[in-house]
Every structure is written in C-alpha cells, then in structure tokens.
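# Need the 3D shape of this:
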Amino acid sequence: MPTSSLAARCFAEIFGTFLLVFFGCGAVHVAILTGALVGLWQVAIVWGVAIMLAIYVVGGISGAHINPAVTISLAAWGRFRWPDVLPYILAQVTGAFLAAAVLFTLYEPFLAEKEREKGVVRGQPGSEITAMCYGEYFPDPGRLSSEMYNSIEHDKLNDLVSEPVAFLAEVLGTMILALAVFALTDERNSAAPLGRVAPVFIGLTVAALIAVIAPLTQACFNPARDFGPRLFASLSGWGAIALPGPRGMGFLTVYIVAPIVGAFAGGGWYTRLLRPCLPQPGEKS
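Below you'll find the predicted structure:
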C-alpha cells in the first residue's frame, strides 16, 4: 500500500488516468479521423501501452488504479481503504476529462472535417461517428461502412447488440481484467511475473480484451475512461448524443454499473476461490 499523502495519491491518479485516456482515446481519434491506425489490434495495443506507462509512472505513488471499478473492487476485498475510494474516483474522472479536453483541442478540425464528410451535424443523430472518440457506444459506430451517414444502416447495426448483451460483455471483460490485476500483484502468487513487469501483462490483458470485445461495446472496463470524456463531449457540442446518448440510460448500465459488477466479481473470484489454493508463506508448492 503506497504511503504518500492522499493529496499526492489523488494527483497521481489524475495524471495516471490522463495518460491512459490521452494515449488510448488518442489512438481512437487517430484511427477514426485519419485512418493512420489500421485494424483493431493497432488501437488495442496503444491502450495496452498506455496502461503500462501509467502504472510505471504513478504506481509507486498511488498504486495506479486509474479505474473506479478497480478502486471499488480493491476496497471491497480488503486491499484498499474505503475512505479513500471517493477521492480516487473523483481524481480518475478529472484526469479523463482533462485528457479529453486536450485531445479535442488538438483534433477539433479533424472532427469537424469527419462530420462534413459523413454529412452529420454535431449533436444530431449520426454524430456518434465522432462522439465515439470520447464516450462509448454499443455496438461500435465505427463499423458503419457507408460513405455518408445512413440512419437505416445505423439502426440495423444497433440491432446486432442489445443492452443486456453489451452489459454482459462489459461485466465479463472487467471481471477478467480485475482477476488479472489481483493475481499479477499478489505477492503470494509465485507464478506472477518476476521483477516489475506485472504492468506489462496487465496492459496486454487489456489489449487482448479490446481485440475481442471492442466491436460490441468499444471495450470500456473503466467508468472514468467513459464518463470523463463523455461529460466533456456533452459540454462541447454533442449534447444528448454524448450524455446520456441515443440509447437512453444504457451508458449507465453498460459503462458504469457493468464494470463495477465485473471488477467486484473478478476480485472476489481471485480472493475467495483462487488465492486460498496458493501455498502459505514458507510452505512449498
């Protein structure tokens, strides 16, 4: 457990989450607006590297939760103090919001050009095509193939992924992520990577999860990563397309509740079912 002051740890969470969202959502901007990143894996691996970098930079100060679902799960299973949960979450959302603001400043002309190309008006139906650079949607609007926005095509795409399916995908993905975090950072787990390479495997876990789940939900697994940029987008012209979004309160169930449920389940799976099977300290395996 880091021993820095709460203020220092919260600042670290702001900066760590900023790095995560700047590089991760930055990769989404590049892919959607310029086409310079081709294929889902290229975007996924940038997210993975962003997580590795954030953990290495601020992990020694705050533990680098950079995710409210992880913070809540760690507290629920006795690995973090409950009084520090809300300050950490506020810090994480702040870092994500600030990263979105910086990306908007850098890419606003590209966003406007993409909207002109697709024939959509920011804040109107269809502008999910650019709003997806910030908040997330199910299924991924990037799968729309028409040169100009087509509402019929979009409706057909939305029919492919229901809210319950999206909820399940986010629960499952965040459960696996939390399971990996708990296992890879457990000093009793002799199979965990030696040295200080656990962040590499956590980042690769996220990249692999994105590769599988992103076509369904854009692969959130992190309420701050979604809500901070979504809030920024709602204040920057996208309005109700960003928050709450065109599918009502689906953003709440799929991108906030589901990751928290998944992280709690993943932490519990490791803590209650797998960790008790590990050899006790000093005991040979």
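# how much space between residue 258 and residue 179?
15 Å (Cβ to Cβ, to the nearest Å). Bear in mind the C-beta positions are built from the backbone N, C-alpha and C, glycine included.
# With neighbour numbers in mind, choose between these two.
More crowded of residue 258 and residue 179, by other Cβ atoms under 10 Å: residue 258, with 27 against 23.
# Can you check the pLDDT for the more buried one?
You'll see residue 258 listed with a pLDDT of 98.
# Contacts only, for it.
Contact analysis of residue 258 by Cβ atoms under 8 Å, 6 or more residues apart in numbering lists 166, 167, 168, 170, 171, 174.
# Equivalent analysis for residue 120, please.
Counting by Cβ under 8 Å, 6+ apart, residue 120 has contacts 126, 127, 129, 130, 149.
# try it again with 7 Å
126, 127, 129, 149 (Cβ atoms under 7 Å, 6 or more residues apart in numbering).
# Need phi/psi at it.
For residue 120, the backbone dihedrals (degrees, to the nearest 10) come out as phi -120, psi 160.
# Skipping adjacent residues, who's closest to it in space?
residue 126 (3.8 Å; Cβ to Cβ, 6 or more residues apart in numbering).
# circling back to that earlier point, can you pick the most crowded of the contacts of residue 258?
Neighbour max across the contacts of residue 258 (other Cβ under 10 Å) = residue 170, 32 neighbours.
# Averaged pLDDT, stretch 158-173. What do you get?
On average, stretch 158-173 scores 97.
# swap in stretch 204-211?
98.
# now stretch 25-32
Stretch 25-32 comes out at a mean pLDDT of 98.
# do the same with stretch 73-81
Rounded mean pLDDT across stretch 73-81 is 97.
# And that stretch, end to end?
One end of stretch 73-81 to the other measures 11 Å (Cα to Cα, to the nearest Å).
# pLDDT below threshold where in the stretch 151-285 of the chain?
Along the stretch 151-285 of the chain, the model assigns pLDDT under 70 to residues 281-285.
# Distance from stretch 186-195 to the middle of the chain?
Remark: stretch 186-195 is offset 25 Å from the chain centroid, using Cα atoms, centre = their mean, to the nearest Å.
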